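# Let me see the structure of the following:
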Amino acid sequence: MRTRAAALCAAAAVVAGSLAAVPAQAVATPAAVPKPAWKKCGTRDYPTLQCASVRVPLDHANPAGRQITLALSRVPHTARSSQGPLLVNPGGPGGSGLALGGFVASALPKSVAARYDVIGFDPRGVGRSRPALNCVPGHFRPGRPDSVPATPALERANVARAESFAAACGRKYADVLPYMDTVSAARDLDTVRQALGAPRISYFGYSYGTYLGAVYAKLYPERVHRLVLDSIVDPTGVWYQDNLGQDYAFDDRHRALMAWIARHDADYRLGKDPGTIEARWYAMRAALAKKPAGGKVGAAELEDTFTPGGYYDGYWPYLAEAFAAYVRRGATGPLVEAYENFAAVDASGDNGYSVYTAVQCRDASWPRGWNRWRADTWEVYAKAPLMAWNNTWYNAPCAFWPTAPRRRVNIANGELPPALLLQATDDAATPYAGGVTVHGLLAGSSLVVEQGGGNHGVTLSGNTCLDGYLAAYLADGEVPRGTGTVDAVCAKSPDPKPLTAKAASTASRGSVLHRLLGFRR
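Prediction:
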């Protein structure tokens, strides 16, 4: 759910009346939308990429009012006949999708990609779209307080950071924040559809992008050609419940990393018992809380550094090397390097977090009393300590957000063509239950599961079984049909191996994808 860093399930009941079958906002009939003026913007990796922009209403209920700009990318179809545009989204909210368009077009089989105009886009507020939000530049600068509020002073410091972030967003973007939400972003997609001159669009979303796609399909079911949802948000928990729920799953993924390190004791020499290795990790955390590595990597930064390992196990060898170097030799350099590679937040990360909070805090109700957040997080922490408090502080601005929330959208839909859903059973960022829930809510959908897989974002990452189902669906709408909850099962991708000089210098397709998806959904 977030970009560049990690993410929070207290079983609080759904607030009565919080679901809206159709968003209450009235939408006026829009005027004709000008076609995008495409220009070449190819890169070494994606040489046929084109770029353009489209204007959309800030407030879709007032289409003649203020306009904002969405940045688009395109790899045009090359086949004689086209299936129209395929819009792709990496998640977030707050993730830039411009490069993802090039990646998807290059990663799909050529015969499939050739039949689509693959369209990447920066959603409202993101990246090259304008305005682009940046509430507090440097908010994640190293030297943050320890995330676990073991003292009242630490709790006050972390609450103050969250409260000041929310206040800064309200001061800088008071005119924009009421329109930063998933429903508005979904309406933007339909404006893009009109600009492209397409009667229907296909959509392929990862992570938070699955929720955006489901909301678009709810609003405009007759305008959906194909719908692919990979690593699926549970729409019944948007967003407080979902964020809490991640904590348990991330703790399980962290223990899976500890077990992987134990299996490779010949390489890391941290022990053969996962429990012992986990204890050494928490001892490292305690030491860094007192003396940050390189003056940068304290306890909170260490959590940020290891969070990406919960998203993608391709990062495990790098994290294990940094962990072993610190524990066995007291070397801080590898840990600082891992932080810089996986967790350091630059200006684009500041932008992504600003959009993340703006959308999530606006999308649905959050507890406004801090006592509720405190009680829920300590309850989770007792069973799943890794991410509980780190994730709470990431989302805590929503306790103080200056814009009133919308009602949550009920994405249940019986009017769609068959949708393809893909989900790993051990995904931490969007746990498995979300995929099952959406399968039940989207009539006629098909659920393909990576059994035992823990990565977040499973297609176009090297699993040929999953990619086969994706290619068949995009080619002709074919979906597998099973007799139970799951329609098809794929074996998990192989675990990574410890680093070698060759492996360290070779970027896999999975690592390229996961850099584009980012972290925090």
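
# Please make it C-alpha for all contacts and neighbour counts, starting now.
Fine.

# Could you tell me how far stretch 96-104 lies from the centre of the chain?
Centroid separation between stretch 96-104 and its chain, computed with C-alpha atoms, centre = their mean, to the nearest Å, is 14 Å.

# tell me the average confidence for it?
Average pLDDT, stretch 96-104: 98.

# what mean pLDDT would you report for the helix or strand hosting Ser53?
Secondary structure from DSSP states H and E places Ser53 in strand 50-57. Here strand 50-57 scores 98 as its mean pLDDT.

# part of a strand, is Thr430?
No. The assignment for Thr430 (DSSP: H, G, I helix; E, B strand; the rest coil) gives coil, which keeps it out of a strand.

# Help me confirm that it comes into contact with Asp230.
No. With contact defined as C-alpha atoms under 8 Å, Thr430 and Asp230 do not form a contacting pair (9.7 Å).

# tell me, what's touching those two both at once?
Taking C-alpha atoms under 8 Å, 6 or more residues apart in numbering as the criterion, Thr430 and Asp230 both touch Ser207.

# Same drill for these two, tell me which one is more crowded.
More neighbours surround Thr430 than the other of Thr430 and Asp230, with 33 against 26 (other C-alpha atoms under 10 Å).

# Now do the contacts for that one.
Ser207, Ser231, Ile232, Val233, Asp234, Asp242, Gln246, His456, Arg521 are the contacts of Thr430 under C-alpha under 8 Å, 6+ apart.

# So which of the residues you listed are in helices?
Asp242, Gln246 (DSSP state H).

# Nearest to Lys296 among the contacts of Thr430?
When the contacts of Thr430 are ranked by distance to Lys296 (C-alpha to C-alpha), Arg521 comes first, at 24.8 Å.

# And the pLDDT at that closest one?
pLDDT, Arg521: 56.

# next one: Pro142
Taking Pro142 on its own, its pLDDT is 97.

# Okay, the closest residue to it other than its chain neighbours and Leu49: tell me how far apart.
Nearest residue to Pro142, sequence neighbours excluded (C-alpha to C-alpha, 6 or more residues apart in numbering): Lys296, at 5.3 Å. For Lys296, the distance to Leu49 equals 38 Å [C-alpha to C-alpha, to the nearest Å].

# List the contacts of the residue lying closest to Arg130 once chain neighbours are set aside.
By the measure of C-alpha to C-alpha, 6+ apart, the closest residue to Arg130 outside its immediate chain neighbours is Thr69, 5.0 Å from it. Contacts for Thr69 were tallied using C-alpha under 8 Å, 6+ apart; they are Ser53, Val54, Arg55, Val56, Arg124, Ser129, Arg130, Pro131.

# Just name the closest of those residues to Thr307, please.
Arg124 (26.4 Å).

# Pull the number of nearby residues for the closest one.
Count around Arg124 with other C-alpha under 10 Å applied: 28.

# hang on, the earlier thing: what two of the contacts of Thr430 are the furthest from one another?
Maximum distance among the contacts of Thr430 (C-alpha to C-alpha): 14.9 Å, for Asp242 and His456.

# for the protein, which spans come out with low pLDDT?
1-31, 501-507, 520-521 (pLDDT under 70).

# can we see that at 90?
For the chain, the stretches flagged by pLDDT under 90 are 1-32, 483-484, 500-509, 518-521.

# Any idea what the nearest residue to Ala64 once chain neighbours are set aside is bridged to?
Among residues not flanking Ala64 along the chain, Pro57 sits closest, at 7.2 Å (C-alpha to C-alpha, 6+ apart). Under the criterion DSSP bridges, Pro57 forms beta bridges with Gln67.
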